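Undergrad: Give the three-dimensional model of this entry:
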Amino acid sequence: AHLQQQANNDLPTESTVKLSAMVNKQGALGRTTNRKAAQLGSTTTGINKMPPKTYYDARHQPFPDAVVTIHSFEDSIDVLSSLQRPKKIVIRGSDGQLYPFLCKSQDDLRVDSRCLDFCHLFNKCLKKNSETRRRQLNIRTYAVYPINERCGLIEWLPNLCTFRSLVTKFYRQRSSNFSEVSNREIKVYGNSKDKSKEARFNDFVKLLAFHQPAVFHQYFFAAYPDPNRWYISRMNFVRSTAVMSMIGYIMGLGDRHCENILIDTCTGETVHVDFNCLFNKGLTFEIPEKVPFRLTHNIVDGMGTLGVEGVFRKTCEIILHLIRDERELLVSVLKTFIYDPLVEWKSATREEVANMKKQQIEGGEVVNMKAQTHVRNILERVRGYCTDELTGKRVVLPLSVEGQVDHLIQQATSNELLCQMFIGWAAYL
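TA: Modelled structure (predicted):
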């Protein structure tokens, strides 16, 4: 972590630097560049690697003959322009292949790693079920390697674009002064956060009207001119969106702004990143996240003429049926968060910290009370209990799968709830 911080300070302003120049400044670090010390692994390639914790296969070879190791590092490093300035590095494996990774600092990737383990497990459930297997439903995953609680490596997936970049591209094509007018309208809407709910709703409707009609359907026409590819890519988009909407809802996944949802430009699938906002943590923000998942008008526009009806709704119902059928297995995996060392003691109350310390002194097992509450909430969502975020009332009786899906779609597309979202979430896109 110290070397990472020092490297941050030494980086020039341009977006590409030389690894050799950075290594020479670190002294002894330069003597380890050719060491074959680490094993390479990827969830999207055929390389042998240690499987996720939820993986079981009687034919798996724990010590294969041809293990791909690190041979060297490419000299060129791309520095991204975001706040923490993450670096894209390229590792050359002992098999001669190049493996790009994203180095992230000031971020705990252990939670992301755990969530992706859960996604690996659910992918196995999807393969066992005949309905999901026939539709080829799956969650797009990638490799995450936490180094410590402050930094780690993330597999760099090719051919991905953020949802925001694709949408704004077509808005700019429609209007030459789109950015100027849009920023002015967004500023007016952002200044309405201290107004009444009715005034904020009216400002949001005006901002939404400026971004009408939606443009995301144009992306599929432009990127896939062949009718067959257009149809397949759009179906991939609808189904992958439905799968992650249901899984994200059950896990309480938030912070689904336009940069955390990526689109594979080859297949049309959605890829979600940044799993730090879990277990309805978004409800504790200064501006709470009221919607269960992202289903804004441009997302719906990309689904075609039927919108949320048809393929999206049916896929959501199939996924929710599967979650209920496999609830014992899935919840047992999520329960491991109770005994996980990633306990947020800083956010605990004084009484909770005192109880934890008392349990340690008495030799008892320290149990995260917040984690128990999270698991209880997950069980209620799986069983069909929902809360109307507009009224704050909780349904008395559990809903059917069809009723729960309908309730969630209504909540996710409600302008009354979308207007209460944080401006950076970009509910107008």
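
Undergrad: tell me the contacts of R324?
TA: Taking CB atoms under 8 Å, 6 or more residues apart in numbering, we find R324 in contact with 382-383, 401. Yep, even glycine has a C-beta here, placed from its N, CA and C like the rest.

Undergrad: How about the secondary structure of it?
TA: helix (DSSP: H, G, I helix; E, B strand; the rest coil).

Undergrad: Next, the contact list for the closest residue to M303 other than its chain neighbours, please.
TA: Counting by CB to CB, 6 or more residues apart in numbering, V238 is the residue found nearest to M303 once chain neighbours are left out, at 4.9 Å. Neighbouring residues of V238 by CB under 8 Å, 6+ apart: 302-304, 311-312, 315.

Undergrad: on that earlier part again, just to be sure, which of the contacts of R324 are found in helices?
TA: If you go by DSSP state H, the contacts of R324 have 382-383, 401 in helices.

Undergrad: Out of the residues you listed, which end up buried?
TA: Among these, those buried by neighbour count (16 or more other CB atoms under 10 Å) are 382, 401.

Undergrad: Closest one of the ones in helices among the contacts of R324 to T413?
TA: T413 lies nearest to V401 out of those, by CB to CB, at 18.8 Å.

Undergrad: And the closest residue to the closest one other than its chain neighbours, how close does it get to K393?
TA: Closest residue in space to V401, ignoring its immediate chain neighbours: L320 at 4.9 Å, by CB to CB, 6+ apart. Look at L320 and K393: by CB to CB, to the nearest Å, they are 22 Å apart.

Undergrad: neighbour count winner among those two?
TA: For L320 versus K393, neighbours defined as other CB atoms under 10 Å are more numerous around L320 (24 against 10).

Undergrad: Near H297, how many other residues are there?
TA: Residues within reach of H297, counting by other CB under 10 Å, total 21.

Undergrad: contacting residues for it?
TA: Counted by CB under 8 Å, 6+ apart, H297 has contacts 208, 211-212, 214.

Undergrad: likewise L329?
TA: Contacts for L329 (CB under 8 Å, 6+ apart) come out as 121, 125.

Undergrad: Please parse this structure into its domains.
TA: In terms of domains, the chain is parsed into 2-156, 158-429 (source: automatic domain parsing).

Undergrad: can you list those in a markdown table and add mean pLDDT?
TA: Below are the domains of the chain laid out as a markdown table (pLDDT from 0 to 100):
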| stretch | mean pLDDT |
| --- | --- |
| domain 2-156 | 74 |
| domain 158-429 | 86 |
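
Undergrad: if you compare the ones you listed, which one is most tucked away?
TA: Looking across these with neighbours counted as mean count of other CB atoms under 10 Å, the highest average goes to domain 158-429: a mean of 17.

Undergrad: Would you tell me which one of the ones in helices among the contacts of R324 comes nearest to R59?
TA: V382 (32.0 Å).

Undergrad: And the closest one, how far from R172?
TA: Separation of V382 from R172 (CB to CB): 42 Å.

Undergrad: Name the SS class of the residue nearest to M303, please.
TA: Per three-state DSSP, V238 ends up helix.

Undergrad: what sits against A242?
TA: Applying CB under 8 Å, 6+ apart, we find A242 in contact with 311-312, 315-316, 319.

Undergrad: if we go to 10 Å?
TA: Neighbouring residues of A242 by CB atoms under 10 Å, 6 or more residues apart in numbering: 135, 137, 270, 293, 295, 303, 308, 311-320, 405.

Undergrad: do you know how far the closest residue to it other than its chain neighbours is from S113?
TA: In this structure, A242 finds its nearest non-sequential neighbour in T315, 3.7 Å apart by CB to CB, 6+ apart. Here T315 is placed at a distance of 27 Å from S113 (CB to CB).

Undergrad: could I get the contacts of R324 as a markdown table with distance to H257?
TA: Shown next, in a markdown table, are those (distance: CB to CB, whole Å):
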| residue | distance to H257 |
| --- | --- |
| V382 | 26 |
| R383 | 30 |
| V401 | 28 |
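
Undergrad: re earlier: after the strand or helix carrying the residue nearest to V401, which helix or strand is next? Please name it.
TA: Counting by DSSP states H and E, the element that carries L320 is helix 311-325. Going down the chain from helix 311-325, the next helix or strand is helix 327-334, by DSSP H and E.

Undergrad: Let me see the ranges of the strands in this structure.
TA: For the chain, the strands defined by DSSP state E occupy 16-18, 70-73, 76-79, 87-93, 98-105, 144-146, 151-155, 160-162, 261-264, 270-272, 387-388, 393-394.

Undergrad: Tell me which of the ones you listed sits nearest to P288.
TA: Closest approach to P288 among the strands of the chain (CB to CB): strand 387-388, 12.2 Å.

Undergrad: ok, the nearest residue to I409 once chain neighbours are set aside - contacts?
TA: Computed as CB to CB, 6+ apart, the closest residue to I409 that is not its neighbour in sequence is V308, at 5.3 Å. V308 is in contact with 238, 241-242, 295, 299-300, 316, 405-406, 409-410, 412-413, counting by CB under 10 Å, 6+ apart.

Undergrad: Which pair of these spans the longest distance?
TA: V238 and Q410 (18.3 Å).

Undergrad: How far off centre is the helix holding L320?
TA: Relative to its chain's centre, helix 311-325 lies at 20 Å (CA atoms, centre = their mean, to the nearest Å).

Undergrad: and the angle for that helix with helix 327-334?
TA: 80 degrees (axes from the mean of the first three to the mean of the last three CA atoms, to 10 degrees).

Undergrad: Output helix 311-325 in PDB with nothing but the alpha carbons.
TA: Provided in PDB are the C-alpha atoms of helix 311-325 (Å, rounded to 0.1, in the frame of the first residue of the first chain):
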ATOM      1  CA  VAL A 311     -39.100 -11.200 -22.100                       C
ATOM      2  CA  PHE A 312     -38.000  -9.000 -19.200                       C
ATOM      3  CA  ARG A 313     -41.000  -9.800 -17.000                       C
ATOM      4  CA  LYS A 314     -40.900 -13.500 -17.800                       C
ATOM      5  CA  THR A 315     -37.200 -13.700 -17.100                       C
ATOM      6  CA  CYS A 316     -37.600 -12.000 -13.800                       C
ATOM      7  CA  GLU A 317     -40.300 -14.400 -12.800                       C
ATOM      8  CA  ILE A 318     -38.200 -17.400 -13.800                       C
ATOM      9  CA  ILE A 319     -35.200 -16.100 -11.800                       C
ATOM     10  CA  LEU A 320     -37.300 -15.300  -8.700                       C
ATOM     11  CA  HIS A 321     -38.900 -18.800  -8.900                       C
ATOM     12  CA  LEU A 322     -35.400 -20.300  -9.000                       C
ATOM     13  CA  ILE A 323     -34.200 -18.200  -6.100                       C
ATOM     14  CA  ARG A 324     -37.200 -19.400  -4.000                       C
ATOM     15  CA  ASP A 325     -36.500 -23.000  -5.000                       C
END
